[in-house]
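Pasted the sequence and its predicted model underneath.
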Amino acid sequence: MVTVAELGIDNWKQWAFGHDVVELCTAVKGAMMDRLLQDDVDGVVYLDPDTAVFAPLEHVLATLETHSVVLTPHVITPEETITGVIDNEIGSLKHGVYNLGFVAVRNSESGRAFARWWRDRLLCFCHDDVPNGLFTDQRWCDLVPALFDSVGVLRDSGYNVASWNLSTRPISLLPDGRILAGKSELRFFHFTKVNSVGEAVLRHYSYGRSEVFELLRWYRERLTENVATGLPKSYWAYGVYDDGTPVPRPHRLAWRGRGDLHAAFADPFSTANGGYKKWCLDQGIN
């Protein structure tokens with residue numbers, strides 16, 4: 001296990017403060033990938049923590065033999081309904097063509113160059129700011145096929161299945177125990193937000209088919225069996241000031257890019273003598 005303090009990020013507490021939980025969890029991915037590729041490894045495969053693997057990722061490993069970066073698109077066939085176009089094709093244009101819940105990188109010159117580039121971009125610009133062309137770590141990878149050599153786009157319907165692309169990758173359960181997504185064997189399913197808006201999207205794009213809800217039932221059972229104990233609900237170590245009060249998002253937004261504030265408050269989480277929290281309240285930032 002590697003902590004954010006061990007990733008070689010300058011003034012890491014100040015840096016972390018400028019991100020909400022999703023932004024920070026995605027911002028560290030580039031730095032960690034770059035770190036791993038400095039070791040004697042053949043490559044690195046990243047999977048989001050809300051992903052379940054159902055079959056070997058053999059196509060990923062095969063693609064890494066001849067490519068330096070492997071990406072999976074959100075959609076791999078044209079949508080056939082206006083709703084699908086709006087939700088998934090236009091959604092991809094807004095949030096990113098590739099689902100960065102997965103990425104694989106070979107330890108090659110081009111792979112290491114990608115990891116360094118992604119690390120540097122995420123250290124500065126891993127923000128949820130769709131109107132300005134940013135969606136955390138994801139939109140950056142729209143540029144990858146243009147900027148780097150030997151980028152493989154894995155267009156197999158069994159990879160990176162999620163609630164929103166079920167319309168073109170319906171789930172089927174076979175008598176021999178195998179699971180299909182479209183016409184391909186399901187490799188991994190991305191259970192994004194299944195306990196909130198994600199389940200509504202599952203219902204919408206399952207078109208009355210019940211098989212995907214067997215996967216959901218199984219996943220929820222696994223979550224229950226492996227629930228963390230001793231932590232408050234929705235716990236996040238960097239979600240509060242050191243006095244225990246939550247850090248409002250406007251405080252984080254005000255902090256970004258303000259060198260004068262960074263110089264004045266070495267540790268923005270500290271409330272000693274009022275600290276950055278008091279400065280925000282004095283400025284009417286709530």
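Structure's in. What do you need?

Please count neighbours and contacts with C-alpha atoms only from this point.
Will do.

Residue 114: neighbouring residues, count only.
24 (other Cα atoms under 10 Å).

For it, give me its contacts.
By Cα atoms under 8 Å, 6 or more residues apart in numbering, the residues touching residue 114 are 69, 144, 148.

Which one (most neighbours) among these?
That'd be residue 69 among the contacts of residue 114, by other Cα under 10 Å, with 30 neighbours.

so how far is residue 50 from it?
22 Å (Cα to Cα, to the nearest Å).

Near residue 190, how many other residues are there?
21.

ok, and for the helix or strand of the chain with the lowest mean pLDDT, which residues are buried?
Least confident helix or strand of the chain, by mean pLDDT, DSSP states H and E, is helix 197-206 with a mean of 78. When burial is assessed from 16 or more other Cα atoms under 10 Å, helix 197-206 yields the following buried residues: 198, 199, 201, 202, 203, 205, 206.

Next, the contact list for the closest residue to the fourth one other than its chain neighbours, please.
Closest residue to residue 202 apart from its sequence neighbours, by Cα to Cα, 6 or more residues apart in numbering: residue 163 at 4.7 Å. The contact partners of residue 163, taken as Cα under 8 Å, 6+ apart, are 190, 191, 192, 198, 199, 201, 202, 205.

Show me the contact partners of the helix or strand containing residue 16.
Element membership of residue 16, judged by DSSP states H and E, is helix 12-17. Contacts to helix 12-17, defined as Cα under 8 Å, 6+ apart, come from residues 4, 5, 9, 24, 238, 252, 255, 262, 266, 267, 268, 269.

So for the helix or strand just after that helix, mean pLDDT?
Downstream of helix 12-17, the first helix or strand assigned by DSSP H and E is helix 21-37. What helix 21-37 shows for mean pLDDT is 97.

can you map out the strands along the stretch 51-200 of the chain?
For the stretch 51-200 of the chain, the strands defined by DSSP state E, counting those that start in this stretch cover 51-53, 69-71, 102-106, 128-129, 134-135, 151-153, 161-162, 171-173, 179-181, 184-185, 188-190.

Nearest to residue 282 among these would be which one?
Residue 282 lies closest, by Cα to Cα, to one member of these: strand 128-129, at 26.2 Å.

Partner strands of that closest one and their direction?
strand 134-135 (antiparallel) (DSSP bridges).

tell me the mean pLDDT for the strand it pairs with?
In the prediction, strand 134-135 has an average pLDDT of 96.

roughly how far is it from the heart of the chain?
11 Å (Cα atoms, centre = their mean, to the nearest Å).

swap in stretch 183-192?
16 Å.

What residues of that stretch count as buried?
185, 186, 187, 188, 189, 190, 191, 192.

related to what we said a few turns ago, output the helix holding residue 16 in PDB with nothing but the alpha carbons.
Extracted in PDB, the C-alpha atoms of helix 12-17 (Å, rounded to 0.1, in the frame of the first residue of the first chain):
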ATOM      1  CA  TRP A  12       1.100  17.200  -1.100                       C
ATOM      2  CA  LYS A  13      -1.300  18.400   1.600                       C
ATOM      3  CA  GLN A  14      -1.800  21.800  -0.100                       C
ATOM      4  CA  TRP A  15      -2.200  19.900  -3.400                       C
ATOM      5  CA  ALA A  16      -4.700  17.400  -2.000                       C
ATOM      6  CA  PHE A  17      -6.800  20.200  -0.400                       C
END
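
Show the average pLDDT along that helix.
Helix 12-17 comes out at a mean pLDDT of 97.

Name the surrounding residues that touch stretch 268-279.
Counting by Cα under 8 Å, 6+ apart, 13, 14, 17, 240, 241, 242, 243, 251, 262, 265 sit against stretch 268-279.

what about the helices in the stretch 51-200 of the chain?
58-64, 82-84, 91-95, 109-125, 144-147, 197-206 (DSSP state H, counting those that start in this stretch).

Using TSV, please lay out these together with distance to residue 134.
Converted to TSV, these look like this (distance: least, Cα to Cα, whole Å):
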stretch	distance to residue 134
helix 58-64	27
helix 82-84	22
helix 91-95	8
helix 109-125	8
helix 144-147	15
helix 197-206	21
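
Buried deepest among those, which one?
helix 109-125 (a mean of 19; mean count of other Cα atoms under 10 Å).

report the angle between the axes of it and helix 21-37?
150 degrees (axes from the mean of the first three to the mean of the last three Cα atoms, to 10 degrees).
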